[in-house]
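In: Mind folding the following:
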Amino acid sequence: MAEFSRLVVPKAPRTVVEGQQQKESTFWRSYRSVATHRLQSPVFLKSYAPITHIHFSPSSPHRYVVTSGTRLQIYSPKTNRVVKTISRFKETAAGGEIRTDGKLCVAGDEGGLVQVFDINSRAILRTIRAHKQAVHTTKFSPGAGTQILTTSSDTTVRLFDLATSAELRTFSSHTDYVRTASFVPSNPSLVFSGGYDSTVRLWDARVPDSEGSGCVWVGRHGKPVDQILVGEQGTMAVSAGGPIMRVWDLLGASTSRSAGAGDSLDGGYDAAASTDDEVDTGTTYCLKALSNHQKAITSLCWAEAENGEKRVLSGGLDGLVKVYDPQENWRVRHTMRYGGQVMSLAVSPNNSHLVAGLSDGSLSIRTRVGVGRKAGVPVEKVTPTWDAMLAGMGFGGVSYSGKQAGEGLKATFEGETKVTKERRKKLTDWDRMLKNFRYGDALDSVLRKDVTPATTFALMEELIRRDGLPIALANRHDVSLEPVLSFLIKHVTDARYCTLAADVASVLIDIYTPTLGLSPLIDTLFSRLRRKLNEELAFHRELTQVQGALDMVFATSSMVSRA
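Out: Below you'll find the model as predicted:
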């Protein structure tokens, strides 16, 4: 016996923009829960405090540090498990980051303490007590990482020498808490910061203290700034405060001042323009203002799309992560939903991991399957453990690859053999009714509000193919006939379905013409259907007349141009 064929709903053709959007969404959905992989951790790893910061090491194997409570936890990207825990803070830690070589880690705390650790031994290498209030940001300088950048609630941005712990520079033009700052990657002498005074500022460490504060540009964000992000070329920066995200032109802001100063992102400064009274204090160089979140944006990070183009990801207290395309006027390409408020967000340099920290202490880890294989990196072979065998046999513990009890043990001894149970897709209500030749019930099941018109018309077309449409429409009383007529009235003028709707209406008229006058409800619906068709025909006649008039105008103008 031939297998029953399910109802096929044709898909409407997509425009080029819709196709690109669909491709982008498919790429971001390829970041799947680690629970789908063998012997991996659950979807959410719980911590005892909100996860305020996540940072990936730029060097392979791209371990990442998670800042939560008073601890820094170093995770392995291969197993997504904690490999190191640093508990050297007495107060809540903040801003844990790994140096470019992956050997050192720096973080601050609410007491103003900044500490540098050796990741392997977890030993404290440097202790800095320059800040008087809570530290929010700690970063190593690009490249060798010989300097440390910090921001604090004492309204200052400071630079320290890693070798001696000496303070190199203090930037103190902010008038409220400084929540975030970053080096400009193309020129480490420049620092971009944002604070609760609703401003973003560009600093130049080459400006002598005697000639100014070092602030070379100020932009007004309009809301207290929680996060900033600087482009790799140093020509563009993004700030996030409240639900608003602004894009800034750093190159234009820097080069707009006197040409003789030689001030640009590539070198030089203008001492005369380095005072707060003479820097720009407006939004002149705001390229774009975006407000796609419903609540405050708490995290920003760079990522790379499948085609290699850069994307900006933003996470907010509304539980959403938005993906922006800087090349397409900052269009939102994809939206991801999380089960709680997103406090921190990071994507690994090789695009294999997308990690988000939530306010309830949950760590969400999503990975892309086969990223290492595509990049030419051998995939690590995981050796099944005794705990995994017990889990597969149903004795508790971590679920083994999602298999049924006993299947995990079989897969363990067979090594690379993947034992799965083939599951048949359940039939929909209308498919089950079609299979049993219940044509009337099948038609009723697709006239619900939660079923798309494309599905309803696909079933009507299938009934026509089976010569079952008259059977499905016959022997109906006014209550069961009303949904059919209301549906046809709504969609009979839709260009996608008008031909099929007209055929169904013709069958209805043939069947129920002898009963007209017996039900006021059905009489009213048939009158509405006729009136709507007459209006559509009149509209088409008007369009035809307009088209004829335009053809005459175009023909006359063509003759005049030839003459």
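
In: And the helices in this structure, which stretches?
Out: Using DSSP state H, the helices of the chain run over 16-29, 250-255, 371-374, 386-392, 407-413, 429-435, 439-445, 453-465, 469-473, 478-491, 498-512, 520-562.

In: For these, could you give me TSV that also reports mean neighbour count, mean pLDDT and distance to residue 68?
Out: Placement of C-beta: from N, CA and C, glycine included. Formatted as TSV, these follow (neighbours: other C-beta atoms under 10 Å; pLDDT from 0 to 100; distance: least, C-beta to C-beta, whole Å):
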stretch	mean neighbour count	mean pLDDT	distance to residue 68
helix 16-29	14	80	25
helix 250-255	20	72	32
helix 371-374	14	48	26
helix 386-392	18	40	25
helix 407-413	18	40	32
helix 429-435	19	89	47
helix 439-445	21	92	50
helix 453-465	19	91	46
helix 469-473	19	92	60
helix 478-491	17	91	53
helix 498-512	16	91	58
helix 520-562	11	90	61
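
In: With adjacent residues omitted, what lies nearest to residue 69?
Out: Nearest residue to residue 69, sequence neighbours excluded (C-beta to C-beta, 6 or more residues apart in numbering): residue 49, at 3.3 Å.

In: wait, isn't that neighbour in contact with residue 92?
Out: Yes - with contact defined as C-beta atoms under 8 Å, residue 49 counts as touching residue 92 (7.4 Å).

In: Show me how this protein divides into domains.
Out: In terms of domains, the chain is parsed into 22-370, 384-420, 429-549 (source: automatic domain parsing).

In: Might one say that residue 196 is in contact with residue 223?
Out: No - Residue 196 lies out of contact with residue 223 (C-beta under 8 Å); the separation is 9.3 Å.

In: how near is the residue nearest to residue 69 to residue 72?
Out: When C-beta to C-beta, to the nearest Å is applied, the distance between residue 49 and residue 72 equals 12 Å.

In: go on, residue 151?
Out: From residue 151 across to residue 72, the span is 18 Å (C-beta to C-beta).

In: These two: who's more crowded?
Out: residue 151 (31 against 28; other C-beta atoms under 10 Å).

In: quick one: contacts for that one?
Out: Applying C-beta atoms under 8 Å, 6 or more residues apart in numbering, one finds that residue 151 lies in contact with 135, 136, 137, 157, 158, 178, 179, 180, 181, 193, 195.

In: if you set the cut-off to 6 Å instead, what comes out?
Out: By C-beta atoms under 6 Å, 6 or more residues apart in numbering, the contact set of residue 151 is 136, 137, 157, 178, 181.

In: bridging residues for the most centrally placed residue in the chain?
Out: Centroid-nearest residue in the chain, with C-alpha atoms, centre = their mean: residue 322, separated by 3.5 Å. Taking DSSP bridges, one obtains residue 314, residue 335 as the residues bridged to residue 322.

In: ditto for residue 194
Out: residue 180, residue 200.

In: Let me know the pLDDT of it.
Out: The model reports residue 194 with a pLDDT of 97.

In: Would you mind stating the distance between it and residue 152?
Out: From residue 194 to residue 152 the distance is 13 Å (C-beta to C-beta).

In: Show me which of those two is the more surrounded one.
Out: Using other C-beta under 10 Å, the more surrounded residue of residue 194 and residue 152 is residue 194, with 31 against 24.

In: does that one really touch residue 239, like I thought?
Out: Yes - counting by C-beta atoms under 6 Å, residue 239 is a contact partner of residue 194 at 5.1 Å.

In: Can you work out which residues contact both of those two?
Out: Contact criterion C-beta under 6 Å, 6+ apart; residues shared by residue 194 and residue 239: 200, 225, 228.

In: Number of residues surrounding residue 145?
Out: So residue 145, with other C-beta under 10 Å, has 20 neighbours.

In: OK, contacts around it?
Out: Here residue 145 is in contact with 99, 100 (C-beta under 6 Å, 6+ apart).

In: repeat that for 10 Å
Out: 58, 97, 98, 99, 100, 101, 103, 104, 106, 139, 162, 188 (C-beta atoms under 10 Å, 6 or more residues apart in numbering).

In: Which ChimeraX command selects the buried ones in the residues you listed?
Out: For the buried members of these, the matching ChimeraX selection, counting by 16 or more other C-beta atoms under 10 Å, is:
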select :58,97,98,99,104,106,139,162,188
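
In: and the two most separated of the contacts of residue 145?
Out: 103 and 188 (19.0 Å; C-beta to C-beta).

In: Between the shared contacts of residue 194 and residue 239, which sits nearest residue 526?
Out: residue 225 (63.1 Å).

In: just to revisit the earlier point, measure the residue nearest to the centre of the chain to residue 67 for me?
Out: Residue 322 is 23 Å from residue 67, by C-beta to C-beta.

In: before we move on, the earlier item: quick check: neighbours shared by residue 196 and residue 223?
Out: residue 241.

In: Can you get me a residue count around the closest residue in space to residue 452 that isn't next to it in sequence?
Out: Using C-beta to C-beta, 6+ apart and skipping residues adjacent in sequence, the residue nearest residue 452 is residue 9, 7.6 Å away. For residue 9, the neighbour count with other C-beta under 10 Å is 13.

In: Give me the pLDDT value at residue 9.
Out: Note on residue 9: pLDDT of 83.

In: Ok, residue 90 next?
Out: 93.

In: thinking it is in contact with residue 115, fair?
Out: No - using C-beta atoms under 10 Å, residue 90 is not in contact with residue 115; the gap is 11.1 Å.

In: ok, those two, which is more surrounded?
Out: residue 115 (23 against 11).

In: Sketch out the low-pLDDT regions of the stretch 101-250 of the chain for me.
Out: Residues of the stretch 101-250 of the chain meeting the criterion pLDDT under 70: 211-212.

In: can you give me the strands for it?
Out: For the stretch 101-250 of the chain, applying DSSP state E, counting those that start in this stretch gives strands covering 104-109, 114-118, 124-128, 135-140, 147-152, 157-161, 167-171, 178-184, 187-195, 199-204, 215-220, 227-230, 236-241, 244-249.

In: can you redo those strands as a markdown table with distance to residue 296?
Out: Shown next, in a markdown table, are these (distance: least, C-beta to C-beta, whole Å):
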| stretch | distance to residue 296 |
| --- | --- |
| strand 104-109 | 22 |
| strand 114-118 | 26 |
| strand 124-128 | 30 |
| strand 135-140 | 15 |
| strand 147-152 | 18 |
| strand 157-161 | 22 |
| strand 167-171 | 25 |
| strand 178-184 | 12 |
| strand 187-195 | 13 |
| strand 199-204 | 16 |
| strand 215-220 | 18 |
| strand 227-230 | 10 |
| strand 236-241 | 8 |
| strand 244-249 | 9 |
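
In: Nearest approach to residue 454 belongs to which of the ones you listed?
Out: strand 244-249 (36.1 Å).

In: from the chain's centre, how far out does the closest one sit?
Out: Centroid separation for strand 244-249 versus its chain: 18 Å, with C-alpha atoms, centre = their mean, to the nearest Å.

In: Report the angle between it and strand 236-241.
Out: 160 degrees (axes from the mean of the first three to the mean of the last three C-alpha atoms, to 10 degrees).

In: Just checking: what are the partner strands of strand 244-249?
Out: strand 236-241 (antiparallel), strand 286-290 (antiparallel).

In: tell me the angle that strand makes with strand 215-220.
Out: Using the same axes, to 10 degrees, strand 244-249 lies at 140 degrees relative to strand 215-220.

In: Tell me the buried residues in strand 244-249?
Out: For strand 244-249, by 16+ other C-beta under 10 Å, it's 244, 245, 246, 247, 248, 249.

In: what's the burial count for the nearest residue to the first one once chain neighbours are set aside?
Out: Looking back up the chat, that one is residue 244. Ranked by C-beta to C-beta, 6+ apart and with sequence neighbours excluded, the top spatial neighbour of residue 244 is residue 291, at 5.2 Å. For residue 291, the neighbour count with other C-beta under 10 Å is 11.
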